[in-house]
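Peer 1: Kindly return the folded structure for what I paste below:
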Amino acid sequence: MFAIPGKQAVTLTEAARRQILRLMEREGHQGLRIGVKKGGCAGMEYTMAYVDEIDPHDEVVEQDGARVMIAPMAQMFLFGTEIDYETSLLESAFRFRNPNVTDACGCGESIKFKDMEELAAEREG
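Peer 2: Residues are numbered from 1 along each chain as shown. Below you'll find the model as predicted:
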């Protein structure tokens, strides 16, 4: 695991915290699990899913009642990420401000991360 003592893997803006809390209360879920998977034109995509049961291997981030679980394989890629929730005239969506992303496609749905060894070295240093 790549956690630094006393530092959460991800942070939530107030808008994201409120939206996650709303989803948890309305749907009765334990929170949201975020992860990454291969796909898209830049190579990787974020995933989000409702959680009804917390996996003991997940990194759990709780902020004023809102709970996000980070899938084990995604922890290294998401460390330091700020999650926001934005509403515009055309859409409402979670946005990830991730310092580990080196490139993104034009549609904003696909991302590319720093090299695995580079990420590991940054966490250790």
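Peer 1: Report the central residue of the protein.
Peer 2: Geometric centre of the chain, nearest residue: residue 34, 4.8 Å, by CA atoms, centre = their mean.
Peer 1: Tell me the predicted confidence for that residue.
Peer 2: On pLDDT, residue 34 comes in at 93.
Peer 1: Secondary structure of it: a helix, I assume?
Peer 2: No. Remark: residue 34 does not belong to a helix; assigned using DSSP: H, G, I helix; E, B strand; the rest coil, it is strand.
Peer 1: Check which helices and strands the longest helix along the chain sits against.
Peer 2: In the chain, taking DSSP state H as the definition, the longest helix is helix 14-27. Under the contact definition 3 or more CB pairs under 8 Å, 6 or more residues apart in numbering; DSSP states H and E, helix 14-27 sits against strand 31-38, strand 66-70, strand 81-87. (Glycine included, C-beta is placed from N, CA and C.)
Peer 1: could those go into JSON lines alongside distance to residue 49?
Peer 2: Formatted as JSON lines, these follow (distance: least, CB to CB, whole Å):
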{"stretch": "strand 31-38", "distance to residue 49": "5"}
{"stretch": "strand 66-70", "distance to residue 49": "9"}
{"stretch": "strand 81-87", "distance to residue 49": "14"}
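Peer 1: looking at those strands, which is buried most?
Peer 2: strand 66-70 (a mean of 23; mean count of other CB atoms under 10 Å).
Peer 1: Low-confidence regions, this protein specifically.
Peer 2: Scanning the chain for pLDDT under 70 picks out 1-7, 42, 106-110, 114-125.
Peer 1: if you set the cut-off to 90 instead, what comes out?
Peer 2: In the predicted model of the chain, residues 1-9, 26-28, 36-47, 71-79, 88-91, 93, 97-125 satisfy pLDDT under 90.
Peer 1: residue at max distance from the center of it?
Peer 2: Here the centre of the chain is the reference, and by CA atoms, centre = their mean the most remote residue is residue 89, at 24.0 Å.
Peer 1: Now do the contacts for the nearest residue to residue 103 once chain neighbours are set aside.
Peer 2: With sequence-adjacent residues excluded and distances taken as CB to CB, 6 or more residues apart in numbering, residue 103 is closest to residue 112, at 4.0 Å. Neighbouring residues of residue 112 by CB atoms under 8 Å, 6 or more residues apart in numbering: 42-44, 101-104.
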